[in-house]
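In: Turn this into a structure:
(2 chains)
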Amino acid sequence: MSVGLQIDLVGWFALALILAALYGLNSENGERSGSTVWHKPAIGLLSSALLLMLVSVFWTSDGSNVPLAIVMVLLGIVAAPLSSRYRAARGTSPQRTVREGILSGLSLITIGTGLSVALLGLTGWFDTDRDAFTWDIRLVSVSSEFIGVWTFAAGLMLWLRLNDYLPQSSPGRHQKQIGLIVLVLAVGLSSLSVIYPAYASALMIVVAVLALELGALSALGVVETRAARVLGQHMGLIGAAIAMLGYVQASLFLLSLGGLIVAAAIHYLRGAVAFNQARRRRTDF
Amino acid sequence: MDPVIAAYTVLLAVALGLSGFLRGDARRRGRGLLMAATLSGFIVVAAAGALVNAVSVPDLILTSLAVFFSAQAATTAFSLLWREICSTRQARGSAPGSDRREDKSA
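Out: Reported below is the predicted structural model:
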């Protein structure tokens, strides 16, 4: 699954485009006039970087699977507006409805990326041999499988909750401890399947089931106002998975992109604390 | 690829991203989450790279499904970010300093 040097040569340019776009998107200092001029060109830069990377991936391949890939990309683009139709709840304020619509879209994103991470981890698992020297490929495929299934389950549960298919639930008393126990079990089992690859296929199924349960726990065991925080955590996990995929595919572009996503998620999660402090200080006055 | 080079690159990228995202407006943190979602839409590149290198039939099926779902996620992320930016420009005059958006998705 190694991609040659040419994709990385294009990847530098794409990375420069992405960094310029992020710079433009972040360059807003309050209500200073004229500072939002760069936002729409920044989106253009991001999408042109994505197109550039896709074209370079198709260009460097031998061309036998390119029509299938293009058809799949087009199908996905067509399916996105159909799937993201948000069913507005009755009797809520429009402000709340918009927020829930955005969160529902974000949970759709985590469903899609989680599924594709899990599928890519599965293909990596099929491709690798049971040799002791390929432990890094096995580690990457096991952990991306775990992350993908976890993210998929959490996104699915959040989407079901936000669209009122599931009853509203509040966190129980022992939910956090159970989540920790399941997490420790899953990590232990997946490290076992990396070290002893003989029984690994059965262990992988157990790990996938545990990850499903963990996703359900992490999405159902929160009050709905903290749903954005759960989504932020899973964005960071997806960033880590993209970095690991970049390691497998020998692509420095994907490695640094995963690092950027992890940084964005950390910044988002850390900012929540600062926001709470600011609010608490204001109520003290 | 050398694991040391990989770890070094990831560390540098995290440091660069952390220092870069600090410039953003602290009151519009929702946009940071949307930007992370948009960047994670780039997984379609990894999925497409795996698809064009797949040889066996199960690999083809799994990776084409991965390309499908990741393209869907990337499109959703781009449209969400685009809507956020369009409504930021509109909301700037009406409600300064607030995180309010126009009611478009309802």
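
In: How many residues are close by the closest residue to A:A263 other than its chain neighbours?
Out: Leaving aside its chain neighbours, A:A263 sits nearest to B:G17 (2.7 Å; criterion: C-beta to C-beta, 6 or more residues apart in numbering or on different chains). To be clear about C-beta, it is placed using only N, CA and C from the backbone, and glycine gets the same treatment. By other C-beta atoms under 10 Å in any protein chain shown, 26 other residues sit near B:G17.

In: For B:G17, which residues are in contact?
Out: B:G17 makes contact with A:G259, A:L260, A:I261, A:V262, A:A263, A:A264, A:H267 under the criterion C-beta atoms under 8 Å, 6 or more residues apart in numbering or on different chains.

In: Could you point out which residue ranges in chain B have low pLDDT?
Out: Within chain B, the segments meeting pLDDT under 70 span B:1, B:24-28, B:88-106.

In: quick one: A:G246 and A:F253 touch, right?
Out: Yes - using C-beta atoms under 8 Å, A:G246 is in contact with A:F253, at 7.0 Å.

In: Tell me the one among the contacts of B:G17 nearest to A:A49.
Out: Set against A:A49, the nearest of the contacts of B:G17 by C-beta to C-beta is A:L260 (12.0 Å).

In: how about that closest one, secondary structure?
Out: helix (DSSP: H, G, I helix; E, B strand; the rest coil).

In: Phi first, then psi, for the closest residue in space to it that isn't next to it in sequence.
Out: Spatially, and ignoring its direct neighbours in sequence, A:L260 is nearest to B:G17 (4.3 Å; C-beta to C-beta, 6+ apart). Main-chain dihedrals, B:G17, degrees, to the nearest 10: phi -70, psi -40.

In: go on, B:V55?
Out: B:V55 adopts backbone torsions of phi -120, psi -40, taken as degrees, to the nearest 10.

In: residues contacting the spatially most central residue of chain B?
Out: For chain B, B:T38 is the residue whose C-alpha lies nearest the centre (C-alpha atoms, centre = their mean; 1.9 Å). Neighbouring residues of B:T38 by C-beta under 8 Å, 6+ apart: A:L46, B:A74, B:A77, B:F78, B:L80, B:L81.

In: Which parts of the chain are helices?
Out: In the absence of a named chain, this looks at chain A. With helices called from DSSP state H, chain A shows them at A:5-26, A:39-60, A:66-83, A:94-127, A:135-162, A:175-195, A:200-220, A:227-248, A:252-284.

In: looking at chain B here, not the other one
Out: Remark: helices assigned in chain B by DSSP H are B:3-21, B:29-40, B:43-52, B:57-94.

In: Pick out the most distant pair among the contacts of B:T38.
Out: Longest span within the contacts of B:T38, C-beta to C-beta: A:L46 and B:L80, 12.6 Å.

In: out of those two, which sits in the busier spot?
Out: Taking other C-beta under 10 Å, A:L46 and B:L80 do not tie; A:L46 has more neighbours (26 against 22).

In: The more buried one reaches A:L15, doesn't it?
Out: No - assessed by C-beta under 8 Å, A:L46 is found out of contact with A:L15, at 11.7 Å.

In: Now render the contacts of B:G17 as JSON lines, adding pLDDT.
Out: Below are the contacts of B:G17 laid out as JSON lines (pLDDT from 0 to 100):
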{"residue": "A:G259", "pLDDT": "92"}
{"residue": "A:L260", "pLDDT": "92"}
{"residue": "A:I261", "pLDDT": "92"}
{"residue": "A:V262", "pLDDT": "92"}
{"residue": "A:A263", "pLDDT": "90"}
{"residue": "A:A264", "pLDDT": "88"}
{"residue": "A:H267", "pLDDT": "84"}
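
In: Dump those residues to TSV, plus neighbour count.
Out: Below are the contacts of B:G17 laid out as TSV (neighbours: other C-beta atoms under 10 Å in any protein chain shown):
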residue	neighbour count
A:G259	25
A:L260	30
A:I261	30
A:V262	24
A:A263	25
A:A264	30
A:H267	24
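
In: Show me which of those residues is closest to A:V55.
Out: Nearest to A:V55 among these, with distances taken as C-beta to C-beta, is A:L260, at 21.3 Å.

In: Wait, that closest one touches B:A15, no?
Out: No - applying C-beta under 8 Å as the test, A:L260 and B:A15 come out as separate, 10.5 Å apart.

In: residue contacts, residue 12?
Out: I went with chain A, as the question did not name one. A:F253.

In: try again with chain B
Out: With contact set as C-beta under 8 Å, 6+ apart, B:L12 has these partners: A:S256, A:G259.

In: go on, the one 3 residues further on?
Out: If you count contacts by C-beta under 8 Å, 6+ apart, B:A15 has them with A:A263.

In: Run a quick neighbour tally on residue 23.
Out: The chain I'm using is chain A. Applying other C-beta under 10 Å, we find 14 residues neighbouring A:Y23.

In: You answered for a different chain; I wanted chain B.
Out: Neighbours around B:R23, by other C-beta under 10 Å: 12.
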